[in-house]
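Student: sharing a sequence plus its predicted fold:
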Amino acid sequence: MEERIRKAVGSDATIRRPLPAFGDYSVYGGERAKEIAGAIREKLGNAVQKVEIVKGFVNITLAPEAVAFAVAEADAQDTEWGKFDVNAGKKISVEYGNPNPFKEIHIGHLMSNIIGESVSRLIEASGAVVVRDTFGGDVGPHVAKALWALRKDKVAEITNVKQIGEAYARGSNVYSEDETAKQEIDTLNARIYELVAHPEKAETEEERALLKLWQHGREISMEEFRRIFAKLGTRFDYEFFDSDTTEPGLRVVRDGLAKGIFEESDGAIIYRGEKKGLHTLVFITGRGTPTYETKDIGLAFIKEERIPSDEAIIVTGAEQKGHFAVFLAALSEIAPRVAEKTKHVAHGLLSLTSGKMSSRLGNVITATGLIEDVIAKASEKNPDPLIAEQVAVGAIKYMVLRQAPGSDIIFDAEKSLSLEGDSGPYLQYALVRAKKILAYGENGEGGTDKPPAPYAIERLIVHYPEVVARAAHSLAPNLLVNYLTELASAWNAFYATEQVLGSPEEAYKQRVTRAFAHTMTNGLHLLGIPTPSKM
RNA sequence: GCCCCGGUGGUGAAAUGGAUAUCACAGCUGACUUCGGAUCAGCUAUUCUGGGUUCGAAUCCUGGCCGGGGCACCA
């Protein structure tokens, strides 16, 4: 519908959804208002009931038949409702989640996962094939810190992630406090890089034990991550690790050094971001180990080979903006086309009321801990554990997705546990009520009358495809969240004032109910929010 | 110091340069208890600040104040 109006007025016009009192669509025409109104009347014909000019605005009210037509489409198209095809034939990779083995997964990773998953689904709705991947740091200082502490404790067999998290916290503390320990950890770090890259070089019993501890630790971490991803509805097509990327990364950067892209400075290999208005970053340390920058270069090459794509999106926290700016600047000198198609989507920082999250300070709410807390809360009303989990996941995801991806979230544990009001469960509950009506089927005694005018909920359903298109285009799930909240509210108002079953307009209202149910189901799916069968 | 974000009711947010700034939470008032009450209806703002651009600014430009993040061997 919006498309038809756009064609009538010309592509540069901004078409808005005004306050309900002004109609279904509005275009600001200014001096040209009369002309625009004329074009709309002519091109849309009897699809419009009223075209009015108020203070330069052209307000359009759709004819009841046009509203009914869109509702019928929502009803008939079912799961296809709201899909479109601007990206048909494209392959787009989306990297997100990115928790690091040997560290506990915390709520920051939850944010990346929730936003990344929704962005992936929005892109899929635009017709593209999405390949999901996640990138974890399985080598590097954090690993050395954890393994150093585990070895001090003579741990031969890692049994759970908590053990790893605690070891990391301890290793991290001594690193900044104890000079001897710091040196031991640095040495261990370099050895881990070496052994992981060349396992055949593990000659002594001790080295083989270290390698085994590393492998086992990584696996334990990944198992935990996969469990959480599954709860959140994500399954990655590819899991990449730092250890995969160090070798190609180092090769490419050393090659770039020879070409003058990188420079040597104090024994390190650096990129002078200043030549592009950025800052200098170290790519290879004085000890010869690669930094995050070099690993990302390596990863870009690996992805290029394994997931050739038209576009590559990377979702991470906003604190990495600087890193990505420099990394992409360097990459654009090495592989311009790859840099060109790579897009960094930064999400806001998640902070506690007590300050920034840090896995080093130990004041972490782990992802698992948070999910369990919310499940416990949801269980009060939902004895069925599956449903309690669906409600909890919906509550958490809503909290993250309702905000623009770039903005920060101050995480108030107390408030996030509330399942009422402007929340995921509110949307889920509205859908449950609609489905309940539909479950009664066509057994009513009701009639086939039509109401005098379309219901408010119907006028809202008409806009769904436009909202999805805009959310997908701007990679902004929050636009969809806003819309669905409004939709649920309109549905609840409809539900409170209109009897469906047994009413004179039963058939009509049942179709509205199905159209709402399809719209809400599809919308929640795009957000990655589960749809419980009952609550 | 330099570079990025951000500042909207008591709180958390929304608003592709357009109308009367939209929601929710908390608070107060009321409804109904039906196809499931996790419901509905009603009541509450110098959009941090000074200047500018514009027919029109929460939005764009600029100065200031406040907060967060980043800035060479972490990720």
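Tutor: Looks like it came in fine.

Student: give me the phi and psi for A:Asp384.
Tutor: Backbone dihedrals for A:Asp384, given as degrees, to the nearest 10, come out at phi -70, psi 120.

Student: A:Val48 now?
Tutor: A:Val48 has phi and psi values of phi -110, psi 140 when expressed as degrees, to the nearest 10.

Student: identify the residues contacting it.
Tutor: Taking Cβ atoms under 8 Å, 6 or more residues apart in numbering as the definition of contact, the neighbours of A:Val48 are A:Ile40, A:Arg41, A:Ile60, A:Thr61, A:Leu62, A:Ala63, A:Ala66. (C-beta placed from N, C-alpha, C; glycine too.)

Student: how many neighbours does A:Leu331 have?
Tutor: A:Leu331 is surrounded by 24 other residues when neighbours are defined as other Cβ atoms under 10 Å.

Student: look at it and give its secondary structure.
Tutor: When the structure is split into helix, strand and coil by DSSP: H, G, I helix; E, B strand; the rest coil, A:Leu331 lands in helix.

Student: show the model's pLDDT score for it.
Tutor: In the predicted model, A:Leu331 carries a pLDDT score of 96.

Student: ok, A:Leu352 next?
Tutor: At A:Leu352 the predicted local confidence, pLDDT, stands at 54.

Student: still on that earlier bit, make JSON lines from the contacts of A:Val48 and add secondary structure to it.
Tutor: Rendered in JSON lines, the data for the contacts of A:Val48 read as follows (three-state DSSP):
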{"residue": "A:Ile40", "secondary structure": "helix"}
{"residue": "A:Arg41", "secondary structure": "helix"}
{"residue": "A:Ile60", "secondary structure": "strand"}
{"residue": "A:Thr61", "secondary structure": "strand"}
{"residue": "A:Leu62", "secondary structure": "strand"}
{"residue": "A:Ala63", "secondary structure": "coil"}
{"residue": "A:Ala66", "secondary structure": "helix"}
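
Student: between the residues you listed, which is closest to A:Lys381?
Tutor: If you rank the contacts of A:Val48 by distance to A:Lys381 using Cβ to Cβ, A:Leu62 comes first, at 39.4 Å.

Student: and that closest one, bridged to which residues?
Tutor: Going by DSSP bridges, A:Leu62 is paired in beta bridges with A:Val48.

Student: from RNA strand B, how far out is it?
Tutor: Taking Cβ to the nearest atom of the strand, to the nearest Å as the measure, A:Leu62 and RNA strand B are separated by 14 Å.

Student: residue of the stretch 151-300 of chain A closest to RNA strand B, please.
Tutor: Among residues of the stretch 151-300 of chain A, the one nearest RNA strand B by Cβ to the nearest atom of the strand turns out to be A:Thr285. It sits 2.3 Å away.

Student: run through the residues that contact that residue.
Tutor: A:Thr285 sits in contact with A:Ala268, A:Thr291, where contact means Cβ under 8 Å, 6+ apart.

Student: hmm, back to that, pull out the buried members of the contacts of A:Val48.
Tutor: A:Ile40, A:Ile60, A:Thr61, A:Leu62, A:Ala63, A:Ala66 (16 or more other Cβ atoms under 10 Å).

Student: quick one: the fourth one and A:Arg4 touch, right?
Tutor: It refers to A:Leu62. No. Counting by Cβ atoms under 8 Å, A:Leu62 sits too far from A:Arg4 to count as a contact (10.6 Å).

Student: shared neighbours of these two, which are they?
Tutor: In terms of Cβ under 8 Å, 6+ apart, A:Leu62 and A:Arg4 are both contacted by the residues A:Ala47.

Student: quick one: residues contacting the residue lying closest to A:Gly171 once chain neighbours are set aside.
Tutor: Take A:Gly171 and drop its neighbours on the chain: the residue closest to it by Cβ to Cβ, 6 or more residues apart in numbering is A:Lys145, 3.0 Å away. Going by Cβ under 8 Å, 6+ apart, A:Lys145 touches A:Ala167, A:Tyr168, A:Gly171, A:Ser172, A:Tyr175, A:Ile185.

Student: quick one: buried residues of stretch A:386-396?
Tutor: For stretch A:386-396, burial by neighbour count (16+ other Cβ under 10 Å) applies to A:Ile387, A:Ala388, A:Glu389, A:Gln390, A:Val391, A:Ala392, A:Val393, A:Gly394, A:Ala395, A:Ile396.
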